[in-house]
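Engineer: Below is the structure, and that's it, no one-letter string:
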């Protein structure tokens, strides 16, 4: 079935979407008015919509299609597993070869003693699993008062009932009775918004002090864990100074709280190494994964736990009693087969290395746009980056929400044949596939610049910039 240029079918799809499909993190009534942009196909770094428009994807779907679209070996891995064994439960001691091999592979790739893998269907479930394991761990090891978790302002840890509270973005709290009383935040290590952006050690020291102060405020016997992203993603691609992650890991160890690194976005080459924590030789107690694990081709995530956490739970359970956490699709064999092939492509297919080579032109392209009248900051690590837009470069003042700048930019970018993330608070996020070519980087930045120029040409935007 082709969608392109079939106008009656497209109209029917549009109507059905508006009437029945609930879209994630969307204004429901506004979507009913606007309708969907229906995507029909993808190849490499390119997407084609149902009207035949071809656009360059500069966001890897949703930070996830790291290997680009249309990798035939991944399709074959999924099809082959579906023919052999499309489903296998992990309950009752059953298992499947792909799940076993994937758990073994992830344990080999993960740093230090992160040797135990629970396979989920995505990042939110991986974070929720981490919270449940943390609760079980402290109960099992005789420290039941340790229930409070600390995260970062502007952090993102999914949208499950628990994880959305660790997420510190207003849209994920509003109307959901979040955060929970056991969920707390410390300031984000945001160099651009720091009083002295060039004082890396000062930014690191401030974060360490904030964590210590929060633990002291809550009581050390009450705090279970600190959650963080090595680079904050949905909070605006905030890149902390080098050394920040290690300093926070050391502080957590001294404070006797578990250190949880959320690598759902940053894992699998997105920031350069296989995992971002490798860059600072940091070994967390728990690491959450998803997105690049299967490159978005099928749903899968993982919660990887240390020997210490695993043993605490396993040894603390009553003899023969199950640890009551699981789901029907845990360790799904088709998803596991896909993940194994994606991991092979990263390593043997050269995709990880290509992404590492792309970091330099990506950084140069973003940094060159600092000269644009709308751009206040450029920041990046590996192939994860952002531009922050300001109406005044000296004061770093943003734009009034009534200007609806994000919507303007997203619409203009699509007309210019490119998609990226336009956050509501004047930040543009970029996460190109690790397969990008030099020519695609050139085209990407030409189209981003044209988009910024087109938006700047609007009289109301120029007025906001001048005022």
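Structural biologist: Structure's in. What do you need? These numbers come from a predicted model, not from an experiment.
Engineer: mind listing the helices for the stretch 201-350 of the chain?
Structural biologist: Taking DSSP state H, counting those that start in this stretch, the helices of the stretch 201-350 of the chain run over residues 244-254, 307-316, 333-347.
Engineer: Tell me which of these lies nearest to residue 322.
Structural biologist: Distance to residue 322, taken as C-beta to C-beta, is lowest for helix 307-316 among these, at 11.3 Å. All C-beta atoms are positioned from the backbone trio N, CA, C, and that covers glycine.
Engineer: So which elements touch that closest one?
Structural biologist: Packed against helix 307-316 by the contact rule (3 or more C-beta pairs under 8 Å, 6 or more residues apart in numbering; DSSP states H and E) you find strand 114-120, helix 123-140.
Engineer: can you put those in CSV and add distance to residue 216 and mean neighbour count?
Structural biologist: Converted to CSV, the helices and strands packed on helix 307-316 look like this (distance: least, C-beta to C-beta, whole Å; neighbours: other C-beta atoms under 10 Å):
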stretch, distance to residue 216, mean neighbour count
strand 114-120, 29, 23
helix 123-140, 19, 24
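Engineer: Domain map for this protein?
Structural biologist: Domain assignment for the chain by automatic domain parsing gives 73-347, 351-466.
Engineer: hmm, back to that, reformat the helices and strands packed on helix 307-316 as JSON lines; add mean pLDDT and distance to residue 75.
Structural biologist: Shown next, in JSON lines, are the helices and strands packed on helix 307-316 (pLDDT from 0 to 100; distance: least, C-beta to C-beta, whole Å):
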{"stretch": "strand 114-120", "mean pLDDT": "98", "distance to residue 75": "21"}
{"stretch": "helix 123-140", "mean pLDDT": "98", "distance to residue 75": "23"}
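Engineer: Let's have the ones you listed in JSON lines, adding distance to residue 318.
Structural biologist: JSON lines is the format used below for the helices and strands packed on helix 307-316 (distance: least, C-beta to C-beta, whole Å):
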{"stretch": "strand 114-120", "distance to residue 318": "20"}
{"stretch": "helix 123-140", "distance to residue 318": "10"}
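Engineer: Tell me which of these lies nearest to residue 348.
Structural biologist: Nearest of the helices and strands packed on helix 307-316 (C-beta to C-beta): strand 114-120, 21.1 Å.
Engineer: In this structure, where is pLDDT below threshold?
Structural biologist: Within the chain, the ranges that satisfy pLDDT under 70 run 1-5, 467.
Engineer: Need the outlier residue of it, farthest from its centre.
Structural biologist: residue 319 (38.0 Å; C-alpha atoms, centre = their mean).
Engineer: Number of residues surrounding residue 83?
Structural biologist: As a burial measure, residue 83 scores 8 neighbours (other C-beta atoms under 10 Å).
Engineer: what kind of secondary structure is it in?
Structural biologist: Look at residue 83: counting by DSSP: H, G, I helix; E, B strand; the rest coil, its state is helix.
Engineer: where's it relative to residue 76, distance?
Structural biologist: Distance of residue 83 to residue 76, given as C-beta to C-beta, to the nearest Å: 10 Å.
Engineer: which residues are common contacts for the two?
Structural biologist: When contacts are counted by C-beta atoms under 8 Å, 6 or more residues apart in numbering, residue 83 and residue 76 have no shared neighbour.
Engineer: which residues touch residue 85?
Structural biologist: 96, 333.
Engineer: can you tell me how far it sits from residue 261?
Structural biologist: Using C-beta to C-beta, we find residue 85 at a distance of 33 Å from residue 261.
Engineer: again, but for residue 345
Structural biologist: Between residue 345 and residue 261 the computed distance is 24 Å (C-beta to C-beta).
Engineer: And residue 204, by the same measure?
Structural biologist: Taking C-beta to C-beta as the measure, residue 204 falls 16 Å from residue 261.
Engineer: Compare these two and say which is more crowded by neighbours.
Structural biologist: Neighbours per residue, other C-beta under 10 Å: of residue 204 and residue 261, the larger number sits with residue 261, 30 against 20.
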